[in-house]
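> Quick check, what structure comes out for this input:
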Amino acid sequence: MSRANPNKHKQKEAVLLKGGSAQTFRGMLAYVQNHSPSIVVFENVDTMDDRGDATSNLDILLAEMSNRGYENQVIMSDAAMFGKAAGSALMEFGERSISSMFATVRAVMSSCVRTPCCATEIFLPSDHAFAVSDLEIRQKKQEKRRELQAKSGPTAQTWMDSHMSFARSLKFRWGEAVPRELKENEWYQTLTEREQDALRLAKIQSQSLLFRDVSQAVGRVNSPTLDSITGVHVLPTILPKMQLWYEKQSRIWLGCEAMICQGYPVLPLLATYEAVKRPQAWTATEVLMQELAGNAMALPVVLAILQSMFVSFSWAPAAAEATTAHTLRRAVSQEDVLQALSALAQVSDRADAPRARNAPTSLEERIRKRAKQRHEAKGR
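Numbering: from 1, shown residues only. As a prediction, the model looks like this:
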């Protein structure tokens with residue numbers, strides 16, 4: 001359901017769906033309708049219905065899941081409370097369980113709360129191979145943009161009016177020369193003209209901030225990240241197109257850093273990916289990882305919800321463990337035990353020196369006795 005997934009039929013037919021939130025939601029409903037999973041954990045902060053008369057996301061989800069016979073619990077949480085270096089308001093729904101268990105889920109989830117690391121700790125060194133490679137890719141894209149602009153001619157810059165108005169509110173004369181240390185920065189040079197101007201004005205507005213998202217409108221580039229209580233920096237909600245400028249290294253963050261910020265240990269995966277020398281179905285580019293991180297549900301929150309559900313729910317009564325005529329699992333017979341013991345003897349380190357005794361060992365005796373009891377129970 002994601003645009004990042006390779007489409008093996010893309011050469012034969014046009015891709016009509018864009019992979020938006022509404023389409024993903026409908027795909028999830030179709031899956032639930034066909035497979036009836038016991039538990040559904042759902043998180044989404046975008047529009048789940050692309051019709052003009054749509055109500056809130058919560059109303060839509062509760063109505064659709066209730067129509068399919070599910071009980072619902074709404075959990076509002078902040079991912080930064082679960083050890084993640086970025087915060088976001090999340091909605092998760094544990095489905096098909098009795099209401100008395102929901103309180104237990106909440107209590108268990110509270111034990112998973114912990115202080116996150118400082119956001120500055122997730123950044124790789126500026127001379128890391130991933131950072132150097134991403135800078136080269138950005139520089140090549142910038143050259144292509146310039147070549148395209150030279151061929152097509154100048155285009156209307158619709159952002160200038162809002163930037164000029166923002167500069168006036170700062171009592172700053174828009175259009176002044178960019179400081180030398182910023183103008184000569186290689187990362188700064190890879191930004192678009194609008195992003196460069198937004199970063200310049202954001203620095204004028206507040207010079208003490210460590211992080212600025214230049215993908216946002218000029219008035220929303222700056223976002224205070226320092227938590228006065230814990231003393232650590234907590235990043236804002238990660239978005240797919242986020243262009244986060246890190247002042248300490250004067251560069252745009254990497255897609256792999258965005259994945260780490262969402263709690264995914266992506267560096268070992270990338271190391272293995274680089275070591276495997278064979279054609280891959282997809283390429284782990286920084287752009288793709290940024291898209292995945294912006295659309296992903298924070299891994300620590302997912303783990304907290306799932307483990308809370310598994311320890312809080314009653315999955316089946318004890319009587320269900322008894323073997324019935326409708327049980328797919330077949331009772332183990334004595335022939336099965338003898339065949340298994342024979343196979344073990346063949347692969348044993350002592351297969352060349354068989355034991356000189358015919359009496360079964362205590363373990364073999366217990367296995368045979370248990371198989372006989374199960375066989376008799378099945379006969380009843």
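> use CA for all of it now, contacts and neighbours both
Noted.
> how close does Pro279 get to Cys112?
40 Å (C-alpha to C-alpha, to the nearest Å).
> Could you do Asp227 as well?
20 Å.
> tell me what the longest helix along the chain is packed against?
In the chain, assigned by DSSP state H, the helix with the most residues is helix 129-152. If you count contacts as 3 or more C-alpha pairs under 8 Å, 6 or more residues apart in numbering; DSSP states H and E, helix 129-152 packs onto no helix or strand.
> Without its sequence neighbours, what residue ends up closest to Leu221?
Careful, residue 221 is Val and not Leu. Excluding the flanking residues, the one nearest Val221 by C-alpha to C-alpha, 6 or more residues apart in numbering is Asp213, at 4.9 Å.
> Test my guess that that neighbour contacts Glu247.
No: counting by C-alpha atoms under 8 Å, Asp213 stays clear of Glu247, with 11.1 Å between them.
> Comparing those two, which residue is more hemmed in?
Legend: neighbour count by other C-alpha atoms under 10 Å for Asp213 and Glu247, higher for Asp213 (26 against 15).
> Bridge partners for that one, pull those for me.
Beta-bridge pairing for Asp213 (DSSP bridges): Leu244.
> residues contacting it?
Asp213 makes contact with Arg220, Val221, Asn222, Ser223, Met242, Gln243, Leu244, Trp245 under the criterion C-alpha atoms under 8 Å, 6 or more residues apart in numbering.
> show me the residues around the closest residue to the last one other than its chain neighbours that make contact.
By the measure of C-alpha to C-alpha, 6+ apart, the closest residue to Trp245 outside its immediate chain neighbours is Ile252, 4.5 Å from it. Ile252 makes contact with Trp187, Gln243, Leu244, Trp245, Tyr246 under the criterion C-alpha under 8 Å, 6+ apart.
> any chance of the residues you listed in TSV, with pLDDT too?
Formatted as TSV, these follow (pLDDT from 0 to 100):
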residue	pLDDT
Trp187	97
Gln243	95
Leu244	96
Trp245	96
Tyr246	96
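> Among the residues you listed, pick out the one closest to Gly294, please.
Gln243 (11.1 Å; C-alpha to C-alpha).
> So the closest one sits against Val214, correct?
Yes: with contact defined as C-alpha under 8 Å, Gln243 counts as touching Val214 (5.5 Å).
> can you give me the helices in the stretch 1-150 of the chain?
Secondary structure of the stretch 1-150 of the chain by DSSP state H, counting those that start in this stretch: the helices cover 21-35, 57-67, 99-110, 129-152.
> ok, of those helices, where does mean pLDDT dip lowest?
If those are sorted by mean pLDDT, helix 99-110 sits at the bottom with a mean of 76.
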